[in-house]
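Q: Pasting the sequence and the predicted model now:
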Amino acid sequence: MTETDHGVLAGLSWQVRFVLLLVATCVLGSAAYFSINAYVSATSAAQQAELQKQMVGVIVMANDLDAEQVITADNLQQRMYPPEYVNDSWLVPADAGAIIGRRLTTFVERGQPLTLADLELDYSQFFSQQLGLDEIAVTVTLGLEQSHHGMLSVGDRVTLVLRDSRDQLQLIQGVRIAALDHFQSTQNHQLTLPTTATIAMSTAQASMFEQYRFQSLSVWLRHPQSKPIQSIAKQSRLHFFQQERVQ
């Protein structure tokens, strides 16, 4: 400030100088306010943008729907939630294809997130759908020999041969191979190729199998249209003895 300015201010009354100081203070205060407000707004916008990136889309009901009603695309909406509020059981937009066409098991109100518990199960993709209504699936582990060196296939009809405690052969005939799972393992430095076979059989056959599950088991592979084996004579085990030479 020059001497002339000081002289001008000195020539003004104290009331005028007070007003000028008040105006300058207001201008500086306003500038500071708008500057701080702009900074806060920019920071808040950045935080909101970051929060939006983290938000999780969840499928909610667009309207009230009663139990037994079939869900259509018009019944579904997407709503965004902070990740800490999302329940693991809530369905997400990627599940929409599996939801449409399913029936509800309970009343669901508008805005409620959907869960699997709200939907009737779709059994069409379940392995159990491959079984007959009177069939039971039993899984056993077969060695390479009993899997006919890997030639046993899903759909083959086999006869399970088990030896009971009286040395009699028990037959479970015409059961179907429903699934096979080949896997490798190494035991005692020898490569083995056991196979898990899931066999479909009747309740009576499954009950009989469980009685002899831990006895010796053989798998006889037969033609699918073969007639049942009527009877098998008692088969005695062969015992080999090493006879000492008499001196």
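A: Sure thing, it's come through.
Q: Could you use CA atoms for every contact and neighbour count after this?
A: Noted.
Q: can I assume residue 103 is in contact with residue 116?
A: No - between residue 103 and residue 116 there is no contact under C-alpha atoms under 8 Å: 11.0 Å.
Q: Which one's more surrounded, those two?
A: Higher neighbour count among residue 103 and residue 116: residue 103, with 19 against 13, using other C-alpha atoms under 10 Å.
Q: Return the set of residues that bridge with the more buried one.
A: Beta bridges link residue 103 to residue 70 when assigned by DSSP bridges.
Q: Average pLDDT for the longest strand belonging to the chain, rounded please.
A: Longest strand in the chain by number of residues (criterion: DSSP state E): strand 169-182. For strand 169-182, the mean per-residue pLDDT is 90.
Q: who does that strand touch, helix- and strand-wise?
A: In this structure, strand 169-182 makes packing contacts with strand 157-163, strand 195-201, helix 203-212, judged by 3 or more C-alpha pairs under 8 Å, 6 or more residues apart in numbering; DSSP states H and E.
Q: can I get the CA coordinates of it in CSV?
A: Written as CSV, here are the backbone C-alpha positions of strand 169-182 (Å, rounded to 0.1, in the frame of the first residue of the first chain):
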residue,chain,number,x,y,z
LEU,A,169,-22.6,-117.4,-4.3
GLN,A,170,-25.3,-114.8,-4.1
LEU,A,171,-26.4,-113.1,-7.3
ILE,A,172,-27.9,-109.7,-7.8
GLN,A,173,-28.9,-109.8,-11.4
GLY,A,174,-29.7,-107.2,-14.1
VAL,A,175,-28.6,-104.1,-12.3
ARG,A,176,-27.6,-101.1,-14.3
ILE,A,177,-24.4,-99.1,-14.2
ALA,A,178,-25.7,-95.5,-13.7
ALA,A,179,-22.4,-93.7,-13.5
LEU,A,180,-18.6,-94.3,-13.5
ASP,A,181,-15.8,-92.3,-12.1
HIS,A,182,-12.2,-93.3,-13.0
